[in-house]
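>>> Predicted coordinates and the sequence they were generated for:
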Amino acid sequence: MSDPRNVAHGKKVAQEKHHEQTKPSGGNKRKSRKGNESIAPPNQPSETPPPETTKAAPGELEKSVVVLSKLKDMEFHSRANIEALAELSLTIEDELKQKEFAEPIGALYSAQDGFHSKIAALIESYEAKCESLKPTG
């Protein structure tokens, strides 16, 4: 079985390649000093219309599906983190008898569980949004 980190890295590389291929040419944009972000020239109006005042823009569904996929990937890793923290908690408390670390690891577990609950709720509502963007017919 392959290492999940390699699988995740491969998925990320594939997404980046896809993003680079579908990226529109930014002729009117210039690179910032950091080189990671584009900055629109100051005298031009915003290129994106205000949300909810227009119909779904072309490609909005596809981009939303990519966002949903990334959220689901985060949720998957969150669940794995919860399982790892539970194992570490048992090791620290039962095997190593390091009771002074039981409370901090429990706090991490609670924080990760809270994150997991919130991202699961977000995924559910975002899935509904993606469904509303699908063309009818």
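Now that the structure is in, tell me what you want to look at.

>>> low pLDDT regions in the protein?
Applying pLDDT under 70 to the chain flags the ranges 1-56, 137.

>>> Let's see that with 50 instead.
The chain contains residues with pLDDT under 50 at 1, 25-34, 37-38, 40-42, 44-46, 49, 53-54.

>>> can you give me the helices in it?
4-22, 60-90, 102-133 (DSSP state H).

>>> any chance of those in JSON lines, with distance to L96 and mean neighbour count too?
Any C-beta I mention is one placed from the backbone N, CA and C, and that applies to glycine too. JSON lines is the format used below for the helices of the chain (distance: least, CB to CB, whole Å; neighbours: other CB atoms under 10 Å):
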{"stretch": "helix 4-22", "distance to L96": "26", "mean neighbour count": "11"}
{"stretch": "helix 60-90", "distance to L96": "10", "mean neighbour count": "14"}
{"stretch": "helix 102-133", "distance to L96": "10", "mean neighbour count": "13"}
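
>>> got a list of what P58 touches?
P58 sits next to no residue when contact means CB atoms under 8 Å, 6 or more residues apart in numbering.

>>> Quick one: residues contacting the closest residue to L108 other than its chain neighbours.
With CB to CB, 6 or more residues apart in numbering as the criterion, L108 has its nearest non-adjacent residue at 5.7 Å, and that residue is L85. Contacts for L85 (CB under 8 Å, 6+ apart) come out as 105, 108-109, 112.
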